[in-house]
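Novice: sequence below, structure please.
(chains A and B)
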2 protein chains.
Amino acid sequence: MGLKRPDRRGFLKSAAAVAGGLTLGSVEPALGQTPASGTFIKGSDELIAYGERSRFVTSVRIPHPPGGRASPDGFGLVFHVAAPLQDSVGMITPSSLHFVGTTRGSFIPDIDPREHRLMIHGMVDRPLTFTLEDLKRLPSVTRPHFIECAGNRSRPQHKTVQETHGMTSCAEWTGVLLSVLLKEAGVKGGASWIVAEGAEEVKGASSIPMAKAMDDCLVCYGMNGEAVRPQQGFPMRLLVPGFEGIFNSKYLRRIKVVDRYYMTYNDYGHLTQDPKNAALGVQIGPKSVITFPSGEQQLPGRGFYEISGLAWSGGGAIRRVEVSTDGGRRWMDAEIRGTAYRMAHTRFSFNWNWDGKETELLSRCTDELGSVQPSRAQVAEFFNVPLDPSYRVPGRDNSIQPWRVASDGSVHNGNS
Amino acid sequence: MGLKRPDRRGFLKSAAAVAGGLTLGSVEPALGQTPASGTFIKGSDELIAYGERSRFVTSVRIPHPPGGRASPDGFGLVFHVAAPLQDSVGMITPSSLHFVGTTRGSFIPDIDPREHRLMIHGMVDRPLTFTLEDLKRLPSVTRPHFIECAGNRSRPQHKTVQETHGMTSCAEWTGVLLSVLLKEAGVKGGASWIVAEGAEEVKGASSIPMAKAMDDCLVCYGMNGEAVRPQQGFPMRLLVPGFEGIFNSKYLRRIKVVDRYYMTYNDYGHLTQDPKNAALGVQIGPKSVITFPSGEQQLPGRGFYEISGLAWSGGGAIRRVEVSTDGGRRWMDAEIRGTAYRMAHTRFSFNWNWDGKETELLSRCTDELGSVQPSRAQVAEFFNVPLDPSYRVPGRDNSIQPWRVASDGSVHNGNS
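Specialist: Residues are numbered from 1 along each chain as shown, chains lettered A, B, ... in the order given. Model prediction:
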């Protein structure tokens, strides 16, 4: 607080900063200057009811893998849709830009919430059926959590961070702890798994260890302050914090309490039937990525930049993020911006003065368990595959993402 | 963690809960049941790019005062637009539902961000002009903050919480600390105020004490993870945490550093030219309101309900929220849900078993300064006006909001 004399180490004071595009003005604008006639947005009752973004903001999601389109008959979306992380700020992904993962061949159910029911049955003292209104009467919690698709990874053909990492997003979720519902139903002795099923064509069923179900899973009806969106499971979805995206069943309609692992469509690779190992086997991260500057972005010149990015882990809260601006020789602590919540995107930033020379930018994070994000070499060694990044590892890939900065300021995927 | 036998005090176990509408099912749904043919949302490239909410979700903003419409010529909105707090969950107000306050007669500027400039001038060592891209290169912060219109108050003719309290909202804001920009410009000795001006017809200028400007004010370009919306000041707005809404200048284009209080259009009642008193004179709250159950909502019957609401204060973080379910005779601590951030909406909840009898629900909050939200009687005494709530107090009204619950479950404004 209080006044300070100009700081000689200020961000804008160096010639480099000015050369980099920061403008200095000295002419006062005319008092009372307003936008020219005609540069107003035409108001409407629709804009009163539910606002829109500026026509000058064009950040959009893209099909994943890139190049897809809506199906020709207009029903169903492409397989997956990736979030524009290159434009992200803060922790929250706007609901309209949240990534979408679909089970193969699924369409988006158009569910009337008055007709939707969630049933809890199987090895319980009494089966229960909940309407949306029933759920909303129960004690709720609101927590920020990321969801990430297990297939989210940087491939040599990917050019942008949306392509390399866009299958993760973070929202403020509101709902009821699954443990509250299970305790109401009364879980019988010997029950060790739940199977959560959504109203999708392929049901989106997943087996989840009872310990996780009784810990921090949520049945969510709220997302970023309003109803969960249809692409995210309206009217209700399961949140399984830190687990692979496919466990977070959308359009949740049924939870069966059982004493064994159920084989379902979703078990393309999840055959870990030991509940103790299963939880660790499907836990995401730790992972981080620099979102600015990232692939296909252009630095206007040398000078000061805030490097910004996201870190997250299925193992809990992010405790540390390090950044290297010299290809991994030196690592320096980045600043964590805002609160580092458990199983949530965490924004980090790092103040960087670019000297205009070619270099490589990297980030790596450490979570509350002490797990450190691995290098590509470590991941390759773990899965016993060649170091060449064109080789797709047969598991989740949370390796460090390199961004190459060329001397002309262009930025490229270091895994290419 | 672990399994529990049924809890005899469970939320759903009482006959009252069942009578209140919670359904119990025992028939298993057929395996593989999917929505009937035709109940899918038609996919499109537009839905891939930027998602939409369900057609069954109809929560909307309304003109404030109620009854207004977009101007007949289609330009400009009504004076103010109120957020549907009765449907709110969590801390964040979705950007599309964030309240809108406009200066009288203003339209929404349709600004091309490439042509927008922010100038800092006046009593500075060197005036600076920033483009949006310049700002984005500087160190950023992301913080949740509420903005509330000074006129937000419960009037006898108001039926819903949207009408009584809908002129407040909370978003995750991202931008640059104003102090960073002022330090770069170099504030001269003797400078004691800033005047912030937006590109609106009436300029939206406000005088702000230098101490506040150097403390926690933000120049924001991000809101809830994407660009600030046009109704919120795209491409950049000032955030003055905890101050009356009118200080948070939208379409920010000019900050003049001065040595005196400037009289502007916005100074309809802010003639506190002493910088020490001015800050306290324009600081919001502490204030809270129950959003469920609230006016015009209908309880289906006696039994368990989660009472839910919002609390906020210009004095900092909310430390305590109390709820009364008997018209103010007994007060019990509510639970604070999530993190209570400084100058941010804070969600609270309270578990309530309604016995089906007529009663009145109230909430009151205490902030980190120890300030307690006053009763209507205390506010009336302070302003020396009659206790009758039809009398509008000549200042901000942060009094306790009563909601009357009738024996038929209907809920009404206790100030009527």
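
Novice: what about the helix or strand hosting A:S308, average pLDDT?
Specialist: Following DSSP states H and E, one finds A:S308 within strand A:303-312. Average pLDDT, strand A:303-312: 97.

Novice: ok, now stretch A:111-131?
Specialist: For stretch A:111-131, the mean confidence score works out to 96.

Novice: let's see it as CSV, backbone CA atoms only.
Specialist: Output of stretch A:111-131 as CSV, limited to C-alpha atoms (Å, rounded to 0.1, in the frame of the first residue of the first chain):
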residue,chain,number,x,y,z
ILE,A,111,-33.1,-35.6,-21.1
ASP,A,112,-36.1,-34.0,-19.5
PRO,A,113,-35.0,-33.7,-15.8
ARG,A,114,-38.5,-34.3,-14.5
GLU,A,115,-38.4,-37.8,-16.0
HIS,A,116,-34.8,-38.7,-15.0
ARG,A,117,-34.2,-41.0,-12.1
LEU,A,118,-31.0,-42.1,-10.3
MET,A,119,-31.3,-45.6,-8.7
ILE,A,120,-29.0,-47.0,-6.1
HIS,A,121,-29.4,-50.7,-5.8
GLY,A,122,-27.6,-54.0,-5.6
MET,A,123,-26.0,-54.9,-2.2
VAL,A,124,-27.9,-52.3,-0.2
ASP,A,125,-30.3,-52.6,2.6
ARG,A,126,-32.9,-50.7,0.6
PRO,A,127,-32.7,-49.5,-3.0
LEU,A,128,-33.4,-45.8,-3.4
THR,A,129,-34.5,-43.8,-6.4
PHE,A,130,-33.8,-40.1,-6.6
THR,A,131,-35.3,-37.4,-8.8
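
Novice: mind listing what's buried along that stretch?
Specialist: The neighbour-count criterion (16 or more other Cβ atoms under 10 Å in any protein chain shown) identifies A:111, A:113, A:116, A:118-124, A:127-131 as the buried residues of stretch A:111-131. C-beta: built from backbone N, CA, C; applies to glycine.

Novice: which residues does the closest residue to chain B within the stretch 101-250 of chain A form a beta bridge with?
Specialist: Per Cβ to the nearest Cβ, A:T129 is where the stretch 101-250 of chain A lies closest to chain B, at 3.0 Å. Counting by DSSP bridges, A:T129 forms beta bridges with A:M119.

Novice: equivalent analysis for A:T168, please.
Specialist: A:T168 has the following beta-bridge partners by DSSP bridges: A:E148.

Novice: residue contacts, the closest residue in space to A:P286 that isn't next to it in sequence?
Specialist: Once flanking residues are discounted, A:P286 sits nearest to A:S313: 3.8 Å by Cβ to Cβ, 6 or more residues apart in numbering or on different chains. Residues in contact with A:S313 (Cβ atoms under 8 Å, 6 or more residues apart in numbering or on different chains) are A:G242, A:I284, A:G285, A:P286, A:K287, A:M343, A:C365, A:D367, A:E368, A:L369, A:S371.

Novice: what does A:T264 give?
Specialist: Counted by Cβ under 8 Å, 6+ apart, A:T264 has contacts A:V195, A:K203, A:A205, A:S206, A:S207.

Novice: one step back: the residue of the stretch 101-250 of chain A closest to chain B touches A:R117, doesn't it?
Specialist: Yes: using Cβ atoms under 8 Å, A:T129 is in contact with A:R117, at 5.1 Å.

Novice: from A:I194, how far out is the residue of the stretch 101-250 of chain A closest to chain B?
Specialist: 16 Å (Cβ to Cβ, to the nearest Å).

Novice: what residues does the stretch 251-400 of chain A put near chain B?
Specialist: Applying Cβ under 8 Å from any Cβ of the partner chain, we find that the stretch 251-400 of chain A lies next to chain B at A:253-254, A:300, A:303-306, A:308, A:337-339, A:347, A:349, A:351.

Novice: is it true that A:G414 touches A:V405?
Specialist: No: at 9.6 Å, A:G414 does not count as touching A:V405 under the criterion of Cβ under 8 Å.

Novice: joint contacts of these two?
Specialist: A:E360.

Novice: partner strands of the strand holding A:S308, parallel or antiparallel?
Specialist: Here, using DSSP bridges, strand A:303-312 pairs with strand A:287-292 (antiparallel), strand A:346-354 (antiparallel).

Novice: B:G90: which of the residues of the stretch 251-400 of chain A next to chain B is nearest?
Specialist: A:T339 (14.4 Å; Cβ to Cβ).

Novice: could you look up the SS state of the closest one?
Specialist: coil (DSSP: H, G, I helix; E, B strand; the rest coil).

Novice: tell me how far it lies from A:T346.
Specialist: Going from A:T339 to A:T346 by Cβ to Cβ gives 8 Å.

Novice: ok, now A:T291?
Specialist: The spacing between A:T291 and A:T346, counted by Cβ to Cβ, is 12 Å.

Novice: shared neighbours of these two, which are they?
Specialist: Shared contacts of A:T291 and A:T346, defined by Cβ under 8 Å, 6+ apart, are found at A:L310.

Novice: ok, back up a step: lowest-confidence one in the contacts of A:T264?
Specialist: For the contacts of A:T264, the minimum pLDDT belongs to A:K203; the value there is 68.

Novice: wait, doesn't A:A199 sit right on A:S249?
Specialist: No: assessed by Cβ under 8 Å, A:A199 is found out of contact with A:S249, at 9.5 Å.

Novice: and the two? which has more neighbours close in?
Specialist: Ranked by neighbour count (other Cβ atoms under 10 Å in any protein chain shown), A:A199 and A:S249 place A:S249 first, with 29 against 23.

Novice: from A:T164, how far off is that one?
Specialist: Separation of A:S249 from A:T164 (Cβ to Cβ): 26 Å.

Novice: please apply the same query to A:K212.
Specialist: 28 Å.

Novice: how about the strands in the stretch 101-250 of chain A?
Specialist: A:108-109, A:118-122, A:128-130, A:141-148, A:168-177, A:193-198, A:206-209, A:218-223, A:226-227, A:237-239 (DSSP state E, counting those that start in this stretch).

Novice: alright, I will stop here.
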